[in-house]
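1. Sequence below, structure please.
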Amino acid sequence: MKGLIKNGQLEITQGGWSATDEACPNYEDMILNMRVGHDWLEREFGIRPRVGWMLDAFGHSENNAAQFHDFGFEALFFSRMDDRLRSQLMQKGEMNFVWEPFSKHFGEEKQILVHASTYDYLYPRGFRQEERATEDDPVIDDKELSTYNLDRKCKLLVNEVFAQSRYHNAAENVAILWGDDFAFQNAFFNFEQIELLIDGCAKTVGKEYNLEFRCSTPGEYIDALKTEDKSWPVYKADLFPYESIAGQRYHFWSGYYTSRPNWKLKIKQYSDLYHSTAKFLSRNFIAGGNSSLTE
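-> Numbers count the residues shown, from 1 in each chain. Down below sits the predicted model:
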């Protein structure tokens with residue numbers, strides 16, 4: 001694993017102890033969560049993550065974006081956002097944008113580049129084929145078989161590339177997320193499918209449309225965007241509450257703000273105890289005393 005990370009084949013994104021909710025935790029707990037994870041990654045692998053990864057958070061706060069900037073993240077990837085706002089940004093080609101959290105106070109100081117997904121965090125349509133998910137047929141590259149479909153799959157992927165290029169106003173580089181909940185349980189099959197697509201597209205539609213397909217990482221994608229020297233649209237508001245539309249009904253994902261109040265109370269109480277104890281021991285240590293509770 002260390003070799004894959006060193007070679008750039010594997011990238012660890014965000015790197016907190018967990019991916020915190022952005023609505024309910026307090027600042028100190030969110031910072032502590034990230035510090036614990038980043039300290040461990042630095043000890044084990046000698047790295048600090050460059051990219052925030054919040055694909056499944058139910059809405060996004062200006063505070064979290066500002067903290068991610070302060071953590072040193074160059075970009076933030078997420079998928080869940082108000083369906084009406086998503087539709088507007090897709091139509092305007094603004095699914096890549098610069099977020100300026102708390103701009104009234106900080107101006108441009110805490111800017112962070114955002115890549116917002118157009119279809120949550122799923123496989124693109126036509127490629128959902130897993131041991132646990134068989135909505136779509138797998139890629140078949142043997143022309144002797146009646147189920148051969150490589151040409152059709154490559155055309156589907158090219159259509160997806162051009163669609164994402166419009167939505168993200170991309171001149172040269174497009175990111176296609178590949179996965180889902182519980183995906184890659186048979187990673188050999190998944191990567192074999194990816195390699196069939198990459199090789200097949202390179203020999204067919206890649207030449208026709210002057211496209212190059214490759215496995216990549218979020219950090220590599222962000223580095224590629226920098227070479228385009230583009231000016232991205234700026235967004236300055238919160239992304240709460242998260243709203244999804246199903247048929248004619250509007251669903252606001254806001255119940256978790258106040259649900260399980262007893263658990264929330266206990267978490268706040270233990271958090272207060274932890275942080276007050278940590279501050280007491282730190283002051284005692286700085287003053288020349290002992291940092292242990294038992295001595």
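2. make it CA atoms for all contacts and neighbour counts henceforth
-> Will do.
3. Tell me which stretches of the stretch 101-250 of the chain form strands.
-> Applying DSSP state E, counting those that start in this stretch to the stretch 101-250 of the chain gives strands spanning 112-116, 234-235, 243-246, 249-252.
4. In terms of secondary structure, what does the last one contact?
-> If contacts are counted by 3 or more C-alpha pairs under 8 Å, 6 or more residues apart in numbering; DSSP states H and E, strand 249-252 sits against strand 243-246.
5. Format the CA atom coordinates belonging to the strand it packs on as CSV.
-> Provided in CSV are the C-alpha atoms of strand 243-246 (Å, rounded to 0.1, in the frame of the first residue of the first chain):
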residue,chain,number,x,y,z
GLU,A,243,-33.4,19.0,-0.8
SER,A,244,-34.2,16.1,-3.1
ILE,A,245,-37.1,15.9,-5.5
ALA,A,246,-39.0,12.6,-6.1
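6. where in the stretch 1-150 of the chain is pLDDT low?
-> Residue ranges of the stretch 1-150 of the chain with pLDDT under 70: none are present.
7. domains of the chain?
-> 1-119+229-259, 122-216, 261-295 (automatic domain parsing).
8. Residue 222 is nearest to which of those domains?
-> domain 1-119+229-259 (7.4 Å; C-alpha to C-alpha).
9. Just the terminal-to-terminal distance for that closest one.
-> Using C-alpha to C-alpha, to the nearest Å, one end of domain 1-119+229-259 lies 39 Å from the other.
10. Same question for stretch 237-248.
-> By C-alpha to C-alpha, one end of stretch 237-248 lies 26 Å from the other end.
11. now that stretch, how far from the centre of its chain.
-> 18 Å (C-alpha atoms, centre = their mean, to the nearest Å).
12. mean confidence for it?
-> Per-residue pLDDT over stretch 237-248 has a mean of 84.
13. so can I have CSV of the strands of the stretch 101-250 of the chain showing distance to residue 203?
-> Listed next are these as CSV, based on distance: least, C-alpha to C-alpha, whole Å:
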stretch, distance to residue 203
strand 112-116, 29
strand 234-235, 39
strand 243-246, 40
strand 249-252, 45
